[in-house]
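Asks: 3D, please:
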Amino acid sequence: MQQDALIAAPEPARIKRVARVLIDSSLPHLDRFFDYEVPASMEEQARPGVRVKVPFGPQQLAGFIIEILEDHASTMKLRPLAKIVSEQVALYPQVVAAASEVATRYAGTLWDVVRSAVPARAAKVEKEELDHVAPVLPRTPNQLERYEQGPQALEAWSRGETLRAVATWVPNVDGFWPKFLLDAARPVLEREKRVLLIVPDARDLKILGDYLDAEYGAQSYARLQADDGPTPRYRNFLRAIGGAVQIVIGTRSAALCHVPDLELVIVWQDGDQSHREQRAPYQHSREVALLRSQQADVSLLIASPSRTVEAQRLVTTGWAIELKLPRNQLRAHAARVIATTNDFELERDPMLARARIPSTAWREATKALESGPVLVQVARTGFVPAVACQDCRTLARCPLCQGPLHLAGQHSHVACRWCGEQFHDYRCQNCQSPRIRAASIGAERTAEELGLAFPKVPVISSTGAKPVEKVLHKPALVVATPGVEPIVEGGYAAVLLLDADKMLAHDSLRNAEEVLSRWFTAASLATSDGVVVLTGNPSPAGASLIRYDPASFAERELAERREIGLPPAVRSAIISGPGAQRLIAALEDSTRAKVQIHGPTVIDGPPIEHRYVLFFSYADGHEVTSALRHLRSTMSAAKDPVVNIAIDQDSVL
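Replies: Reported below is the predicted structural model:
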């Protein structure tokens, strides 16, 4: 009788020290940690959070050590670390944990989240001595004391308790919005703890930085912004993670910055689209702050002159308290808002609804110019950014590429915005009429018209291409597109909001909310005794501005979206690309039962792409996004067609 030979499995090799490394790769199937042996020559330098170079196939990749394993048993032969790039700890365990949550929420890769949180290294900065600077705190009344539930919030933050709040900032109470944010942070700073302030863009960051320079000291804070360049950005990053300052400010990439003894995160203007990362996985800094607040038990304040539906949902569910000014004080500080389409004004002037600049706006602007500047907000830049046929009203398109036609100036020819071709004798493609009309009027044309109407008043134009930061407090007409309205010390005497109908006409789920945010931002620049004139037809957004009550509009929007099952009452995912159809087909029945699948929409190729929109509940969110993330990783490993996943990007719906 023959007895089978029993072969004992080899015992795992014991390795003294093993480094678990996150490598520099955005490939979904490489979204995991890899183990490397720590050579004896690197034992002292190798520790969690340092940058390394590791062999990966035939090449060397950058990465971070996530964990050191002592006396580790490995079933395979491990390759050694190639190089310790720097002994400076740049990636902390708390950031890795938060980044992992973000990657899961947005069905992305961990490296894509980490690379936005940790800036590139500037070697010479690591040799500098970083001075610890304490801010010089002002001894002035705290304006949050005037807000409903404001004293309770200040008391909680002064005791180190975790409290989350949503605030509607009202202008002219006690200084500009940076003072409001720092007033909220003051109880934390007084206890020598730290705060992180996140703003939408470089313009707001400069405004906040200028305020801190003047009131708290030029070295009292660290500013994190990619536009500063590699060396200044890395220097400020080291000041932030090293605890050299108590105040850290920055744009969306700062939302995951490690700040020791962090007790309060403040997000300003969370409705601004600049808060969303432009690269995968497209995380929003508000959601990153929410995850961080929950994971690390850190207080959170979301503040804005307007109110997003997401912020209103936090208030409605009781996750955050609401800070708002009482109505009697609100009317004393906010500018008066006039709608040119109310019954009284229409009775006086029946043509108001059809006029771009109604007589009411002219009258208020003329009166305001006697004492100060007047802001005129227009929807678009350019002279005549879109033209149409005068006879049949067909929008003018380029005969060559079908791009939109425009007029660059008063003496310019009709030209295509896409290919640049000019047409000296343009005729409508529908009715052959040579006559054209302005389908929309831009900032430059508006400035020209106002200059002719007010010949003795200077006209200042501020657009995205040529922004103006500040203007003097003297009579002037300031024509600006949304987001680049110049600041004037003392405020504008009047604010005219033109093109309301055109701004609200865009067909998207978020449009009315975003337009209202632009209106409130512009209205917040007016003095308390100034006036805001809103043109166009009546709308729920306009009614909210007239009452100066953005929360009511957000609450109404949230209720409507709950009723019909649209974001942010539910979560969403947009699946697109050549591999979208295959990913949807691979969804397990348990996951498919938790989502509503709409689509596909076919996008002509080559290659032919498909687009799906998925809706699912917040309760099922973690399971659904984890499943999508796993499926994309599996498809990537199999070299299946590319698939793109965008979570909670309902601004494109």
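Asks: Let me know the average pLDDT across the helix or strand hosting residue 214.
Replies: Here residue 214 sits within helix 202-215, counting by DSSP states H and E. Average pLDDT, helix 202-215: 95.
Asks: Following it in sequence, what is the next regular element?
Replies: Moving toward the C-terminus from helix 202-215, the next helix or strand (DSSP H and E) is strand 221-224.
Asks: Send me that following strand as CSV with only the CA atoms.
Replies: The C-alpha coordinates for strand 221-224 follow below in CSV (Å, rounded to 0.1, in the frame of the first residue of the first chain):
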residue,chain,number,x,y,z
TYR,A,221,-1.3,82.2,10.6
ALA,A,222,-0.3,79.7,7.9
ARG,A,223,-1.8,80.0,4.4
LEU,A,224,-2.2,77.0,2.2
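Asks: Give me the distance from that strand to the chain's centre.
Replies: The chain centroid and the centroid of strand 221-224 are separated by 18 Å, computed with C-alpha atoms, centre = their mean, to the nearest Å.
Asks: mind listing what's buried in the helix or strand hosting residue 20?
Replies: Applying DSSP H and E as the criterion places residue 20 in strand 13-23. Within strand 13-23, the residues scored as buried using 16 or more other C-beta atoms under 10 Å are 15, 17-23. In short, each C-beta sits where N, CA and C put it, glycine included.
Asks: Redo these as TSV? Include pLDDT.
Replies: Listed next are these as TSV, based on pLDDT from 0 to 100:
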residue	pLDDT
15	77
17	90
18	94
19	95
20	96
21	98
22	98
23	97
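Asks: for the residues you listed, which one is nearest residue 175?
Replies: residue 22 (43.5 Å; C-beta to C-beta).
Asks: Would you agree that closest one is in contact with residue 35?
Replies: No: Residue 22 lies out of contact with residue 35 (C-beta atoms under 8 Å); the separation is 11.6 Å.
Asks: thinking again about what came up before, contacting residues around the helix holding residue 214?
Replies: Helix 202-215 is touched from outside by 135, 138, 176, 178-179, 181-182, 197, 199, 218, 220-221, 223, 225, 227, 247, 249-251, 268-269, 467, 469, 483-484, 487, with contacts defined as C-beta atoms under 8 Å, 6 or more residues apart in numbering.
Asks: do that again at 7 Å, thanks
Replies: The contact list for helix 202-215, computed with C-beta atoms under 7 Å, 6 or more residues apart in numbering, reads 138, 178-179, 197, 199, 220-221, 223, 225, 227, 247, 249-251, 268, 487.
Asks: Buried residues, it. List them.
Replies: Buried-residue list, helix 202-215, by 16+ other C-beta under 10 Å: 203-205, 207-209, 211-212, 215.
Asks: what's the closest of these to residue 30?
Replies: Nearest to residue 30 among the buried residues of helix 202-215, counting by C-beta to C-beta, is residue 205 at 34.0 Å.
Asks: Check which helices and strands the strand holding residue 20 sits against.
Replies: The contact analysis (3 or more C-beta pairs under 7 Å, 6 or more residues apart in numbering; DSSP states H and E) places strand 13-23 against strand 33-37, strand 51-56, strand 59-74, helix 110-117.
Asks: Identify whichever of these lies nearest to residue 368.
Replies: Among the helices and strands packed on strand 13-23, the nearest to residue 368 by C-beta to C-beta is helix 110-117 (43.6 Å).
Asks: mind checking how far that closest one is from the chain centre?
Replies: 17 Å.
Asks: tell me what that helix is packed against?
Replies: strand 13-23, helix 93-105.
Asks: Run the angle between that helix and helix 93-105 for me.
Replies: 120 degrees (axes from the mean of the first three to the mean of the last three C-alpha atoms, to 10 degrees).
Asks: mind saving the C-alpha coords of stretch 536-553 as PDB?
Replies: The C-alpha trace of stretch 536-553 is given here as PDB (Å, rounded to 0.1, in the frame of the first residue of the first chain):
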ATOM      1  CA  GLY A 536     -36.700  90.500 -13.800                       C
ATOM      2  CA  ASN A 537     -39.800  88.400 -13.300                       C
ATOM      3  CA  PRO A 538     -41.000  87.200  -9.800                       C
ATOM      4  CA  SER A 539     -39.400  84.000  -8.600                       C
ATOM      5  CA  PRO A 540     -39.100  82.100  -5.300                       C
ATOM      6  CA  ALA A 541     -35.400  83.000  -5.300                       C
ATOM      7  CA  GLY A 542     -36.200  86.600  -5.700                       C
ATOM      8  CA  ALA A 543     -38.800  86.500  -2.900                       C
ATOM      9  CA  SER A 544     -36.200  85.000  -0.600                       C
ATOM     10  CA  LEU A 545     -33.800  87.900  -1.400                       C
ATOM     11  CA  ILE A 546     -36.600  90.500  -0.800                       C
ATOM     12  CA  ARG A 547     -37.300  89.000   2.600                       C
ATOM     13  CA  TYR A 548     -33.500  88.600   3.200                       C
ATOM     14  CA  ASP A 549     -34.200  85.000   4.200                       C
ATOM     15  CA  PRO A 550     -32.000  82.500   2.400                       C
ATOM     16  CA  ALA A 551     -32.900  79.700   4.800                       C
ATOM     17  CA  SER A 552     -36.600  79.700   3.700                       C
ATOM     18  CA  PHE A 553     -35.600  79.100   0.100                       C
END
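Asks: which residues are in contact with that stretch?
Replies: Under C-beta under 7 Å, 6+ apart, the answer for stretch 536-553 is 168, 306-307, 312, 324, 330, 334, 337, 339, 341, 353, 500-501, 504, 512, 515-516, 519-520, 523, 534, 556.
Asks: Repeat the analysis, applying 8 Å as the threshold.
Replies: Stretch 536-553 has contacts (C-beta under 8 Å, 6+ apart) with 168, 170, 305-307, 312, 315, 322, 324, 330-331, 334, 337, 339-341, 353, 499-501, 504, 512-513, 515-517, 519-520, 523, 532, 534, 556.
Asks: With stretch 238-250 instead?
Replies: Here stretch 238-250 has contacts from 88-90, 92, 125-126, 130-135, 185, 189, 192-199, 205, 208-209, 212, 216, 219-225, 254, 257-261, using C-beta under 8 Å, 6+ apart.
Asks: Make a ChimeraX selection of the buried ones in the contacts of stretch 536-553.
Replies: Buried residues within the contacts of stretch 536-553, by 16+ other C-beta under 10 Å, are selected in ChimeraX with:
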select :168,170,305,306,307,312,315,322,324,330,334,337,339,340,341,353,499,500,504,512,513,515,516,517,519,520,523,532,534,556
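Asks: which residue is nearest the middle of this structure?
Replies: Against the mean C-alpha coordinate of the chain, by C-alpha atoms, centre = their mean, the closest residue is residue 275 at 1.2 Å.
Asks: measure that one to residue 284 for me?
Replies: 6 Å (C-beta to C-beta, to the nearest Å).
Asks: Can you work out which residues contact both of those two?
Replies: Contact criterion C-beta under 8 Å, 6+ apart; residues shared by residue 275 and residue 284: residue 252.
Asks: before we move on, back to that, where among the helices and strands packed on strand 13-23 is the average confidence lowest?
Replies: Among the helices and strands packed on strand 13-23, strand 59-74 carries the lowest mean pLDDT, at a mean of 92.
Asks: neighbouring strands for it, and are they parallel or not?
Replies: According to DSSP bridges, strand 59-74 forms sheet pairs with strand 13-23 (antiparallel), strand 51-56 (antiparallel).
Asks: Adding distance to residue 392, write those out as TSV.
Replies: Compiled in TSV, these are given as follows (distance: least, C-beta to C-beta, whole Å):
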stretch	distance to residue 392
strand 13-23	60
strand 51-56	62
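Asks: Residue 561: which of the ones you listed is closest?
Replies: Nearest to residue 561, of those and by C-beta to C-beta, is strand 13-23 at 37.5 Å.
Asks: and the closest one, how far out from the chain's middle?
Replies: Worked out by C-alpha atoms, centre = their mean, strand 13-23 lies 38 Å from the chain centre.
Asks: now do stretch 281-295
Replies: That offset, for stretch 281-295, works out to 11 Å (C-alpha atoms, centre = their mean).
Asks: Please apply the same query to stretch 157-177.
Replies: 20 Å.
Asks: one step back: rebuild the helices and strands packed on helix 110-117 as TSV, extending it with distance to residue 569.
Replies: Output for the helices and strands packed on helix 110-117, formatted as TSV (distance: least, C-beta to C-beta, whole Å):
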stretch	distance to residue 569
strand 13-23	35
helix 93-105	17
